[in-house]
Every structure is written in structure tokens, then in C-alpha cells.
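Participant: following is a predicted model, sequence given first.
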Amino acid sequence: QLVESGGGLVQPGGSLRLSCTGSGDTLDDYAIAWFRQAPGKEREGVSCIGESDDVGESVDVRFTISRDNTKNTVFLQMENLKPEDTAVYYCNAGRIDRDDEYKPFDFWGQGTQVTVSP
């Protein structure tokens, strides 16, 4: 089971750190990705990190994904947040394929709400 935490209400320009923790599952067996879904929009990928990487890749330089396998946790540090970052953020377990692309498994957390508003 994947459990996200760390969401909340933040003003524009603020920061949040989301956590994805494995409950009963060992996350270092998986690549992990963060996705988000805003109201009325499709779910989109934000960041991903390989099984043994310390830092991964993100679609936005404001976001940094990292993992601490000793804590069985993956983090998403988000800086300079904007109203358009408002969404439910989900973590997913998957793998990195031979083309260096992230392939999600059907293994999701319940999501954590991030709201960016004055």
C-alpha cells in the first residue's frame, strides 16, 4: 500500500514537501512516480525516480523527487507553487524500461490534495 501525505493549502510562491510511504510494501523494489490530477483534467505525470536513484527527473524545475529507502519513503519537494499546481497528487509504483521510460503499475496511493491560493 502506498500512503501519501504532506498536502495542504499554501499561498502562491510557497513550498510543500509531499511524502509517499510504503505500508506493508518495500518501495525500493520499485521505481516511483508522482502524478497529479486537477479538476476536469486528466492525470499527468510530474516526476519519477528509479529504484536505486537518490534523485529523479521532473517535468518542472520547481519540483524535486528524491527517495530515502531507509525510511521506505519517496519525497516530492515543490517550490514556488502556483495556483495551476492545485491538484490531487498521487504516487505510483512502476518500473523504468530499457528505453528509460517510466511504466506505471496499477499500484496507486489514495492521493493528497494540494491547493495553491492566496
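Facilitator: Good, I have the coordinates.
Participant: packing partners for the strand or helix carrying residue 95?
Facilitator: Of the helices and strands defined by DSSP states H and E, residue 95 is found in strand 87-96. Taking 3 or more CB pairs under 8 Å, 6 or more residues apart in numbering; DSSP states H and E as contact, the helices and strands that strand 87-96 lies on are strand 2-5, strand 16-22, strand 31-37, strand 44-49, strand 73-78, strand 102-108, strand 112-116. Heads up, the C-betas are built off the backbone N, CA and C, glycines and all.
Participant: least confident secondary structure element in this structure?
Facilitator: Lowest by mean pLDDT, DSSP states H and E among the helices and strands of the chain is strand 57-58, with a mean of 92.
Participant: what does it contact?
Facilitator: Strand 57-58 is contacted from outside by 46, 47, 48, 49, 64, 65, using CB atoms under 8 Å, 6 or more residues apart in numbering.
Participant: now the two most distant members of these.
Facilitator: By the measure CB to CB, 48 and 64 form the most distant pair in the contacts of strand 57-58, at 12.1 Å.
Participant: compare those two (neighbour count), which wins?
Facilitator: residue 48 (24 against 18; other CB atoms under 10 Å).
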